[in-house]
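**Student:** Generate coordinates for the sequence data below:
(one chain, ligands or ions: 1)
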Amino acid sequence: MAAHAQLERLLFVLNPISGDIDKAEFEGKITDYCLERGRKVEFYHTTGDDDLQHLQHHLREVAYDAVFAAGGDGTVSLVAEALTNGTVPLGIVPLGSGNGLSKDLGIPQDIDQALRLTWEHRTLVMDTVRVGGKFSAHLADLGFNALVVEQFDKGDVRGPGAYVRIATQEYLSFEPETYHIQTDVEVWEGPAFMLTVANANTFGSNVVINPESPLDDGQFEICLIDPFPNAAAPGILYNLYTSGFDASDYTRRLCCRRATISVPGKTEVLVQIDGEPCNLPTPIEVEINPKSLRVLVPLNTQGR
Ligand SMILES: Nc1ncnc2c1ncn2[C@@H]1O[C@H](COP(=O)(O)OP(=O)(O)OP(=O)(O)O)[C@@H](O)[C@H]1O
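**Tutor:** Next up is the predicted model:
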């Protein structure tokens, strides 16, 4: 763990379409903040088109002391993937609607407070995960939430209200899949309402799907919610919002370093990875990449 490492040259990766703030004003604020403290700052704007390849190419050409992701969960995951297995740390200025990883890392949700990371921080070296070959720093899931995120993504309306409306609609007709999971520790098979591959703890919605699991412990959890009767829903929701995941009869967690997830009868399945929906061929191989990402966190938090 390093505290107060001097960061001279900073890159801010900005998603022009995330958040509802004026981006020109935001860039001006960052520039002033960094120049006042003797930092050099540059900006990189995502286009939504091959951003990972372009960013990786740029990072091979120019050496930075830190790269900040200024956007939502998708932008954070993009920059995290570009930096994984390297020595340059990731900083986060949360601008999205969920901002899950930044919350798990104890990064302030206020922009001015988050910018202090350029100046005061310590470095956490966290694990990352590969889910069916795709990068995940935070949470990936199959089942109910993946379906809701896909519908949410297709719609024009953002925010928690839109998510709840879609979730309520989908819940009425949702049919749980059966999963076969083989980990390096155990085998589990059964139907699940939702299956989360959790490197981290908390969704952007503040649902704590994987409480008390450090991001740098060299393992991930598969958090399962069984199909449940309607009458059990309020209790499960209460547990999810109060870090009580394990308290329910309908939940279980498998802790492991490697897993193969099959969905009998299906060759492809919908997966939500760090906020972005995608279809993956089955079986899905999941593997931890221990201590693979350096990330700047506030001095006064341990990260979770
Ligand atoms: N210039 C751009 N134009 C259109 N789409 C873009 C652009 N830059 C990035 N994207 C797309 O934006 C998505 C990532 O958005 P991001 O998660 O940063 O913000 P958000 O969706 O507003 O936040 P949240 O996920 O928290 O709601 C990706 O799908 C990416 O391809």
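**Student:** Name the residues of the stretch 51-200 of the chain found near the ligand, please.
**Tutor:** Residues of the stretch 51-200 of the chain that fall close to the ligand, judged by CB under 6 Å from any ligand atom: 71-75, 96-99. To be clear about C-beta, it is placed using only N, CA and C from the backbone, and glycine gets the same treatment.
**Student:** if you set the cut-off to 5 Å instead, what comes out?
**Tutor:** Neighbours of the ligand within the stretch 51-200 of the chain, by CB under 5 Å from any ligand atom: 71-75, 96-98.
**Student:** Adding secondary structure, neighbour count and pLDDT, write these out as a markdown table.
**Tutor:** Below are those laid out as a markdown table (DSSP: H, G, I helix; E, B strand; the rest coil; neighbours: other CB atoms under 10 Å; pLDDT from 0 to 100):
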| residue | secondary structure | neighbour count | pLDDT |
| --- | --- | --- | --- |
| G71 | strand | 26 | 89 |
| G72 | coil | 25 | 89 |
| D73 | helix | 27 | 90 |
| G74 | helix | 21 | 91 |
| T75 | helix | 25 | 94 |
| G96 | coil | 21 | 83 |
| S97 | coil | 19 | 80 |
| G98 | coil | 24 | 83 |
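**Student:** What residue spans form the domains of the protein?
**Tutor:** Structural domains annotated on the chain: 9-120, 134-291, as defined by automatic domain parsing.
**Student:** Which of those sits closest to M126?
**Tutor:** Counting by CB to CB, M126 lies closest to domain 134-291 out of the domains of the chain; the figure is 4.1 Å.
**Student:** And the closest residue to L115 other than its chain neighbours, how far from the ligand?
**Tutor:** Nearest non-adjacent residue to L115, counting by CB to CB, 6 or more residues apart in numbering: Y33, 5.3 Å away. Look at Y33 and the ligand: by CB to the nearest ligand atom, to the nearest Å, they are 21 Å apart.
**Student:** Using PDB, write out the CA atom coordinates for whichever strand or helix holds Y33.
**Tutor:** If you go by DSSP states H and E, Y33 is part of helix 23-36. Extracted in PDB, the C-alpha atoms of helix 23-36 (Å, rounded to 0.1, in the frame of the first residue of the first chain):
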ATOM      1  CA  LYS A  23     -18.400  18.600 -19.800                       C
ATOM      2  CA  ALA A  24     -16.600  21.800 -20.900                       C
ATOM      3  CA  GLU A  25     -17.100  23.300 -17.400                       C
ATOM      4  CA  PHE A  26     -16.000  20.000 -15.800                       C
ATOM      5  CA  GLU A  27     -12.800  19.900 -17.900                       C
ATOM      6  CA  GLY A  28     -12.100  23.500 -16.900                       C
ATOM      7  CA  LYS A  29     -12.500  22.600 -13.200                       C
ATOM      8  CA  ILE A  30     -10.200  19.600 -13.500                       C
ATOM      9  CA  THR A  31      -7.600  21.600 -15.300                       C
ATOM     10  CA  ASP A  32      -7.600  24.400 -12.800                       C
ATOM     11  CA  TYR A  33      -7.500  22.000  -9.900                       C
ATOM     12  CA  CYS A  34      -4.500  20.100 -11.300                       C
ATOM     13  CA  LEU A  35      -2.600  23.100 -12.500                       C
ATOM     14  CA  GLU A  36      -2.900  24.800  -9.100                       C
END
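**Student:** Quick one: list the elements packing against it.
**Tutor:** strand 9-14, strand 40-45, helix 111-115 (3 or more CB pairs under 8 Å, 6 or more residues apart in numbering; DSSP states H and E).
**Student:** Let me have the ones you listed in TSV, extended by distance to K291.
**Tutor:** Output for those, formatted as TSV (distance: least, CB to CB, whole Å):
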stretch	distance to K291
strand 9-14	23
strand 40-45	26
helix 111-115	24
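**Student:** what about the strands in the stretch 201-304 of the chain?
**Tutor:** Applying DSSP state E, counting those that start in this stretch to the stretch 201-304 of the chain gives strands spanning 220-225, 251-256, 258-262, 268-273, 276-281, 284-297.
**Student:** List the buried residues in the last one.
**Tutor:** Within strand 284-297, the residues that count as buried by 16 or more other CB atoms under 10 Å are 284, 286-289, 292-297.
**Student:** do the first one as well
**Tutor:** Taking 16+ other CB under 10 Å as the neighbour-count basis, strand 220-225 is seen to contain the buried residues 220-225.
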